[in-house]
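K.L.:
This is a predicted model, with the sequence first.
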Amino acid sequence: MPVAGVVSVTTEQSSGGLDVSRLPGLPQLLALVADVDGTRGPNDEPLVQLGRPSMLLMPSTSPTQTAMYFTKLHALPGVDVEQVFSNVHVAVLSCYGVPNAAHLEAVRRECESQTMHFVGDLDPLDLSAFLVLAASLLESGKSVRYVGVSGKWVERCRRLLPVGKSMPLIPMSDFELRHWRALASLPISWPSLVGASAVAVLDSGMKLELEGATNPAFYSSAVSDEVSEDLRTAANCAS
């Protein structure tokens, strides 16, 4: 059963409107990443972090486990991840950047459930990581749900902002703008996948990182409670 505010990427057209029959295959997505990476300047970070191994945290021995994937697990200030998942059989994986072949193999090996839940920055880098994970897991008959940072998270940030304050959006670099344009050109309904409010942020040339979407210093303690509930709901979602 779909979780509210979470879009499934499956081998059929999802209820959120993403037709994965048009999702490029893993080789095509990796080629796109390589093409974009070839345009970066000396101060731009590589998209694929070849020297960083995948990190498996809090593995579950339950055959009915849920798998959660974070691009930056320790970038959720105010959220106690261990407490959130304390009563759930969940395997938590974290890897920064677009996963390479070794990372993808580790994910496929550890994702015993049929569904991986993805949490990352609202930026071109982490959206590329999501697509590569989705294409890789689809090859194994599994699926990925995009949890955040989504339009729901963007709208929450706006709702919880103190009067007179602005959301902690970050301008994208020229490299990131080129990367987003490449992703936006794919035959993917981005509003269906991440939400219209999230796409509007990206189309404005801005990005919202996990730290900016979850830090109670920018909003109130309510943001921590609501993000925690989103994660808990995803972890309890039947695969």
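P.N.:
Right, received. Where do you want to start? Numbering: from 1, shown residues only.

K.L.:
which stretches of this structure aren't confidently modelled?
P.N.:
Across the chain, the ranges flagged by pLDDT under 70 are 1-22, 49-65, 238-239.

K.L.:
Which residues does stretch 164-172 contact?
P.N.:
Here stretch 164-172 makes contact (CB atoms under 8 Å, 6 or more residues apart in numbering) with 123-124, 154, 157-158, 161, 180, 201-202, 205-209, 211-212, 215, 218. The C-beta positions use only the backbone N, C-alpha and C, and glycine is treated the same way.

K.L.:
Run the chain-centre distance for that stretch.
P.N.:
Remark: stretch 164-172 is offset 20 Å from the chain centroid, using CA atoms, centre = their mean, to the nearest Å.

K.L.:
Please identify the buried residues of that stretch?
P.N.:
167-169, 172 (16 or more other CB atoms under 10 Å).

K.L.:
where along this structure do the strands fall?
P.N.:
Counting by DSSP state E, one finds strands in the chain at the ranges 7-9, 55-57, 66-70, 90-94, 115-119, 143-148, 170-171, 206-207.

K.L.:
Please dump the ones you listed into JSON lines; it should also carry distance to Asn236 for every row.
P.N.:
JSON lines is the format used below for these (distance: least, CB to CB, whole Å):
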{"stretch": "strand 7-9", "distance to Asn236": "15"}
{"stretch": "strand 55-57", "distance to Asn236": "18"}
{"stretch": "strand 66-70", "distance to Asn236": "7"}
{"stretch": "strand 90-94", "distance to Asn236": "9"}
{"stretch": "strand 115-119", "distance to Asn236": "10"}
{"stretch": "strand 143-148", "distance to Asn236": "12"}
{"stretch": "strand 170-171", "distance to Asn236": "32"}
{"stretch": "strand 206-207", "distance to Asn236": "29"}
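
K.L.:
Nearest to Ile188, out of these?
P.N.:
Of all the strands of the chain, it is strand 7-9 that lies closest to Ile188, at 9.8 Å by CB to CB.

K.L.:
Can you give me the neighbour number for Leu32?
P.N.:
The number of residues packed near Leu32 is 19, by other CB atoms under 10 Å.

K.L.:
And for Ala217?
P.N.:
10.

K.L.:
Pull up the gap between it and Ser197, please.
P.N.:
Distance of Ala217 to Ser197, given as CB to CB, to the nearest Å: 22 Å.

K.L.:
same thing with Arg159?
P.N.:
11 Å.

K.L.:
Of the two, which one has the most company?
P.N.:
Ranked by neighbour count (other CB under 10 Å), Arg159 and Ser197 place Ser197 first, with 18 against 11.

K.L.:
The more buried one is in contact with Val154, isn't it?
P.N.:
Yes: assessed by CB atoms under 8 Å, Ser197 is found in contact with Val154 at 4.3 Å.

K.L.:
Give me the nearest residue to Cys157, chain neighbours excluded.
P.N.:
Using CB to CB, 6 or more residues apart in numbering and skipping the chain neighbours, the partner closest in space to Cys157 is Met167 (5.3 Å).

K.L.:
Turn the buried residues of stretch 164-172 into a markdown table, including distance to Gly78.
P.N.:
As requested, the buried residues of stretch 164-172 are exported to a markdown table (distance: CB to CB, whole Å):
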| residue | distance to Gly78 |
| --- | --- |
| Met167 | 16 |
| Pro168 | 14 |
| Leu169 | 19 |
| Met172 | 25 |
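
K.L.:
Check those residues against Leu32 and report the nearest one.
P.N.:
Met172 (17.4 Å).

K.L.:
need the contact list for Glu209.
P.N.:
72, 75, 121-123, 149, 170.
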